[in-house]
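>>> I would like the atomic coordinates for the input below:
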Amino acid sequence: MTTPAAPSPPPDGGGQAQATAEPVLGMYGITKRFFGVTVLDDVTLECQPGEVHAVVGENGAGKSTLMKTLAGVYQPDGGRIVIGGDEVRFTHPSQAQALGVSLIYQEFNLLPDRTVAENIFLGREPTAGWARAVDRGAMEAATAELLEGLKAEDAISPRSLVRRLPVAQQQTVEIAKALSFTPRILVMDEPTAALSLHEVDALFERVRLLQERGLTVLYISHRLKEVFDLADRITVLKDGRRVDTVATGSVGPTDLVRMMVGRELAHYFPPRAAPGEIGEVELAVKGGGVGMLHDVDLEVRRGEVVGLAGLEGSGRTELARALFGAEPLRSGSLELGGRPRRIRSPRQAIRAGIGFLTEDRKAEGLVLPMSVRDNSLLAVRSMRGADRRRVAAGGDGGRRAGRAVPELARRVGLRTDRLDREVQFLSGGNQQKVVLAKWLATRAKVFVFDEPTRGIDVGAKASIHELMRELARAGAAILMISSELPEVIGMSDRIVVMRAGTVAGTLPAGPTEAEIMLLATGEREAGEAA
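Okay, here's the model as predicted:
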């Protein structure tokens, strides 16, 4: 079937793909409605063979819906999809996979109690012999080959249970699973949200190899640096409509943000604390150790945002969990407000005034089927009566606590029409705000943010950053873990770099990414001249 003419064809890309070739994919005038609400409105997108094409926009812009329409999860209410010159209509994802469309979902789609190999070849297990028994040797060998292609063969065994893998490795399994279908169109929806810097580099290397072989990659990410590093062209969506498609080299980050949010963001990050705004030490760890952690020395002052940087496996999250009592320190000492404290459980940490925004908000920070109101009061309701009465929410978890929730929602800028709405139906940014409201309700004095903006859009990121800085200005001590070096640099009054379970060095505000990475990789020791 001849490809239909596309309205307002996108401009030529600046990368390897040439816009003069016949598009491998064309989505023309795609419209999608849910319960009478239009979520995609006349969206047109073309991709060339061997092109990395980024799709960006705020949460709710329609990115994931557009990709699920391509992958056969949803059927469009209007418009056409053309692959390789033929118009197609999918009623099931298996049909899309058969024609070479493979989708990596933002949310994990793995079975935790099965092995890596079993997850990758689920429903497609190779068999051998007259009994057609599963050929585990062949399946594991094929899995090992896929992992080797992602440079993960040393870290992940095909025989490992998925539940025993950290978040970053589970994401790598998702990527390997998608590649096992040998796609010609690979859709990546936030594939690096849980990956460390060196894992992102390995993924990019694999994408470029596939690109050289003619694979088309549709890449969704809130990390604009990734978009500019990897993509040939960028399509911007806003409120379900296509704003524009541009060659990557023709725009800068500020231009892209303006198209995404429909307004100027004068600064990506709020101003750092002035010297007079930083007070006494609120949190201090001296010689702390547990598990891989050893001899950790750390101080965070009132009014200060301290960034905690390091490669995956350096001990950042382990330190956060130790401070919160999830895996208590076994050696060294911890002080809060200048007083020695023994934190042996999360309940004790909450009573001591520590709030912990975990890396995986869905699994550890929220109860998804519960309402915004009930999630906001989870930490307060875990406290004893005297402690409950001390905090802002007050009361016994009943009427007085309930009346505090609208004010908490206002403070964090939560966007929802109903506080009794289940949090599973909120965007990632709004879910993170509910987690923050939960800790604001306890009147915590120390906040540990582990990947605070992972998987949320630029507008929500700016909002979270402003909230963090407001908390610091109000006297809170904030420890922020982030794998995004621009975020660490932009938000931090001071940066602590970890390596191999201990502090490799401390840097003042505003270092370069290279300075952080040299400490994180051991190429430079603390105090060594640049």
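>>> Spell out the residue ranges of the strands in the stretch 101-250 of the chain.
101-104, 127-128, 133-134, 185-189, 216-220, 233-238, 241-247 (DSSP state E, counting those that start in this stretch).
>>> With mean pLDDT as added columns, please give those strands in CSV.
Formatted as CSV, the strands of the stretch 101-250 of the chain follow (pLDDT from 0 to 100):
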stretch, mean pLDDT
strand 101-104, 90
strand 127-128, 89
strand 133-134, 90
strand 185-189, 91
strand 216-220, 94
strand 233-238, 94
strand 241-247, 95
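>>> Could you export those as a markdown table, including distance to residue 479 and mean neighbour count?
Heads up, the C-betas are built off the backbone N, CA and C, glycines and all. Listed next are the strands of the stretch 101-250 of the chain as a markdown table, based on distance: least, C-beta to C-beta, whole Å; neighbours: other C-beta atoms under 10 Å:
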| stretch | distance to residue 479 | mean neighbour count |
| --- | --- | --- |
| strand 101-104 | 31 | 23 |
| strand 127-128 | 51 | 12 |
| strand 133-134 | 47 | 12 |
| strand 185-189 | 30 | 24 |
| strand 216-220 | 30 | 24 |
| strand 233-238 | 34 | 24 |
| strand 241-247 | 37 | 19 |
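>>> The most far-flung residue of the chain relative to its centre and residue 136, how far apart?
For the chain, the largest distance from the centre (C-alpha atoms, centre = their mean) belongs to residue 130, which lies 46.0 Å off. Residue 130 sits at a distance of 17 Å from residue 136 (criterion: C-beta to C-beta, to the nearest Å).
>>> Under the pLDDT cut-off, which ranges of the chain? List them.
Applying pLDDT under 70 to the chain flags the ranges 1-21, 59, 193-198, 262-268, 384-402, 524-530.
>>> let's see 50
Residue ranges of the chain with pLDDT under 50: 1-19, 386, 390, 392-399, 529-530.
>>> How is it partitioned into domains?
Per automatic domain parsing, the structural domains of the chain span 1-100+183-262, 110-180, 280-353+445-524, 364-442.
>>> Setting the sequence-adjacent residues aside, check what's closest to residue 80.
residue 28 (4.7 Å; C-beta to C-beta, 6 or more residues apart in numbering).
>>> The one you found: which element?
Assigned by DSSP states H and E, residue 28 falls within strand 25-34.
>>> between that strand and strand 216-220, what angle do the directions make?
Per axes from the mean of the first three to the mean of the last three C-alpha atoms, to 10 degrees, the angle that strand 25-34 makes with strand 216-220 is 40 degrees.
>>> Which one, of the domains of the chain, ends up nearest to residue 272?
Closest to residue 272 of these, according to C-beta to C-beta: domain 280-353+445-524, at 5.3 Å.
>>> for the stretch 251-400 of the chain, what spans make up the helices?
253-261, 316-323, 346-352, 372-376, 378-381, 385-390, 399-412 (DSSP state H, counting those that start in this stretch).
>>> So which bits of the shortest one are buried?
It stands for helix 378-381. Buried positions in helix 378-381, judged by neighbour count with 16 or more other C-beta atoms under 10 Å: 378-380.
>>> helices or strands up against it?
When contacts are defined as 3 or more C-beta pairs under 8 Å, 6 or more residues apart in numbering; DSSP states H and E, helix 378-381 packs onto helix 428-440.
>>> And the helix it packs on, how far out from the chain middle?
15 Å (C-alpha atoms, centre = their mean, to the nearest Å).
>>> which other helices and strands contact it?
strand 354-357, helix 372-376, helix 378-381, helix 399-412, helix 458-473.
>>> Next, the angle from the longest one to helix 399-412.
Taking the same axes, to 10 degrees, helix 458-473 and helix 399-412 form an angle of 110 degrees between their directions.
>>> Looking only at helix 458-473, what residues are buried by neighbour count?
Within helix 458-473, the residues that qualify as buried are 458-465, 467-469, 471-472, counting by 16+ other C-beta under 10 Å.
>>> any idea of the angle that helix forms with helix 253-261?
Note on geometry: by the same axes, to 10 degrees, helix 458-473 and helix 253-261 are set 100 degrees apart in direction.
>>> how distant is helix 458-473 from the center of its chain?
16 Å.
>>> try the second one
Between the centre of helix 372-376 and the centre of its host chain there is 22 Å, according to C-alpha atoms, centre = their mean.
>>> Give me the helices and strands touching that helix, please.
Under the contact definition 3+ C-beta pairs under 8 Å, 6+ apart, helix 372-376 sits against helix 399-412, helix 428-440.
>>> Using CSV, lay out those helices together with distance to residue 98 and mean neighbour count.
Formatted as CSV, the helices and strands packed on helix 372-376 follow (distance: least, C-beta to C-beta, whole Å; neighbours: other C-beta under 10 Å):
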stretch, distance to residue 98, mean neighbour count
helix 399-412, 45, 16
helix 428-440, 31, 26
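>>> right, and the ones you listed - which one's nearest residue 505?
helix 428-440 (29.2 Å).
>>> Other residues contacting that closest one?
59, 355-358, 361-362, 365-366, 372, 375-380, 392, 405, 408-409, 411-416, 423, 426, 447, 452-453, 455-457, 459-461, 463-464, 467 (C-beta atoms under 8 Å, 6 or more residues apart in numbering).
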